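S.K.: Make a model of this:
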Amino acid sequence: GYSWEEAPETPVGEVGENGFTVKYTPTDPNYEEVTGIPVTVIVGKASPELPTIPELKATYGDKLSDVELPEGYSWEEAPETPVGEVGENEFTVKYTPTDPNYKEVTGIVVTVKVEKATPIIDTPIGIEGKEGQKLEEIELPEIKVCLRSGNVRSSLSMKGFSSFTIHSIVSSPRPSMNPK
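M.R.: Residues are numbered from 1 along each chain as shown. As a prediction, this is how the structure comes out:
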């Protein structure tokens, strides 16, 4: 049968075609051994060991391009893709090693932890009161809030509230001025 002429511990070499030699030893004693037979070993790219991805965090309204990935990783989704609602959302990344002997790995599922966004508010200034007055007797100015969801920014004005929580904003089309 065939056997390598090079030492068994010889590395196969870099990615591509690499030449080696084998010898053929017949099982029939009437034939002589043949040496120096050239063979080509086609070496494919190896699978890399993937570097650890730390916890990925984003803020509601961010895009994937706002989330930093470790070196070698990139998003498979478009960079302008929103990170989604508050909570844990899954996306896919690919890993491209710098060493050309290793192949690219795709379809790696990662989780992005999306945290609540802080609304941008106009802080009321110049609120006036009189000595002896209680807070409940002082009218607060209109509060203006700017909210964002992905590429959409919304403004909201409220008057007479000292605090409030926004649970959701629903946008709907305006009613037609010319009903049929």
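S.K.: all contacts plus neighbour counts: C-alpha atoms, from now on.
M.R.: Fine.
S.K.: Can you pull the phi/psi pair for the spatially most central residue of the chain?
M.R.: The centre of the chain sits closest to Trp75, judged by Cα atoms, centre = their mean, with a distance of 4.8 Å. Backbone geometry at Trp75, expressed as degrees, to the nearest 10, gives phi -70, psi 140.
S.K.: And the residue nearest to it when sequence neighbours are not counted, how close does it get to Ser74?
M.R.: Distances taken as Cα to Cα, 6 or more residues apart in numbering place Val93 nearest to Trp75, at 4.4 Å, with adjacent residues excluded. The gap separating Val93 from Ser74 is 5 Å, by Cα to Cα, to the nearest Å.
S.K.: residues shared between the contacts of those two?
M.R.: Common neighbours of Val93 and Ser74 are not found (criterion: Cα atoms under 8 Å, 6 or more residues apart in numbering).
S.K.: on that earlier part again, could you spell out the sheet neighbours of the one helix or strand the residue nearest to Trp75 maps to, each with its direction?
M.R.: Assigned by DSSP states H and E, Val93 belongs to strand 87-95. When pairing is defined by DSSP bridges, strand 87-95 lines up against strand 73-75 (antiparallel), strand 105-115 (antiparallel).
S.K.: wait, which of the ones you listed is closest to Trp4?
M.R.: Closest of the strands paired with strand 87-95 to Trp4 is strand 105-115, at 32.8 Å (criterion: Cα to Cα).
S.K.: hang on, the earlier thing: which of the strands paired with strand 87-95 is buried the deepest?
M.R.: Mean neighbours per residue, mean count of other Cα atoms under 10 Å, is largest over those for strand 73-75, with a mean of 20.
S.K.: Work out the gap between it and the centre of the chain.
M.R.: Averaging C-alpha positions (Cα atoms, centre = their mean, to the nearest Å) puts strand 73-75 6 Å from its chain's average.
S.K.: quick one, strands of this structure?
M.R.: 2-4, 16-24, 34-43, 56-59, 73-75, 87-95, 105-115, 120-121, 143-149, 152-158 (DSSP state E).
S.K.: Make CSV from these and add distance to Gly132 and mean pLDDT to it.
M.R.: Shown next, in CSV, are those (distance: least, Cα to Cα, whole Å; pLDDT from 0 to 100):
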stretch, distance to Gly132, mean pLDDT
strand 2-4, 101, 96
strand 16-24, 88, 96
strand 34-43, 87, 96
strand 56-59, 43, 97
strand 73-75, 60, 97
strand 87-95, 47, 98
strand 105-115, 42, 97
strand 120-121, 29, 76
strand 143-149, 25, 58
strand 152-158, 27, 50
